[in-house]
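Below is the structure, and that's it, no one-letter string:
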């Protein structure tokens, strides 16, 4: 069954699909401007569960100052295959929404340990323990 929304229709999927996604709390610990594109930042993310910081290339430079992002927590999808963004490897993607045309990072309400897994709560939560 497809659900119609203001941004298009989507098909309902089983909650078990969520288990395939490794969504983790990440703290932004390093930022540099992308050498080839002034709209992009190359971010170093502390995901704690990883042996080293993750690197993510994100189009945030037009809407966010570097100094406002350092130390900020966000959510990263970290089990994607790495991709190259204009010559720089990116190991994941950040979860965002938009306010107008400005990306807004999805963040935990309160400080949360880096590397914490984002989980489901609700009718299906018992299926996702551990």
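In hand now; what should we look at? What you see is a predicted model; the values in this text were computed from it and never measured.

secondary structure class for residue 16?
Classification of residue 16 by DSSP: H, G, I helix; E, B strand; the rest coil places it in helix.

how would you label residue 67: helix, strand or coil?
On the three-state scheme (three-state DSSP), residue 67 is labelled helix.

That one and residue 41, how far apart?
Distance, residue 67 to residue 41, by Cβ to Cβ, to the nearest Å: 12 Å. To be clear about C-beta, it is placed using only N, CA and C from the backbone, and glycine gets the same treatment.

the more surrounded of these two?
residue 41 (22 against 8; other Cβ atoms under 10 Å).

Kindly state the beta-bridge partners for that one.
residue 33, residue 58 (DSSP bridges).

neighbours around residue 54, how many?
Neighbour tally, residue 54, other Cβ under 10 Å: 20.

again with residue 121
Neighbour tally, residue 121, other Cβ under 10 Å: 7.

cool, and residue 57?
Residues near residue 57, counting by other Cβ under 10 Å: 23.

With residue 103 instead?
Using other Cβ under 10 Å: residue 103 sits among 17 other residues.

Could you double-check that it lies in contact with residue 96?
Yes - with contact defined as Cβ atoms under 8 Å, residue 103 counts as touching residue 96 (4.4 Å).

what is in contact with these two at once?
By Cβ atoms under 8 Å, 6 or more residues apart in numbering, residue 103 and residue 96 have no common neighbours.

got the contact list for the residue nearest the centre of the chain?
Centroid-nearest residue in the chain: residue 94, 2.2 Å away (criterion: Cα atoms, centre = their mean). Residue 94 sits next to 43, 56, 58, 74-77, 105-106 when contact means Cβ under 8 Å, 6+ apart.

Alright, I will stop here.
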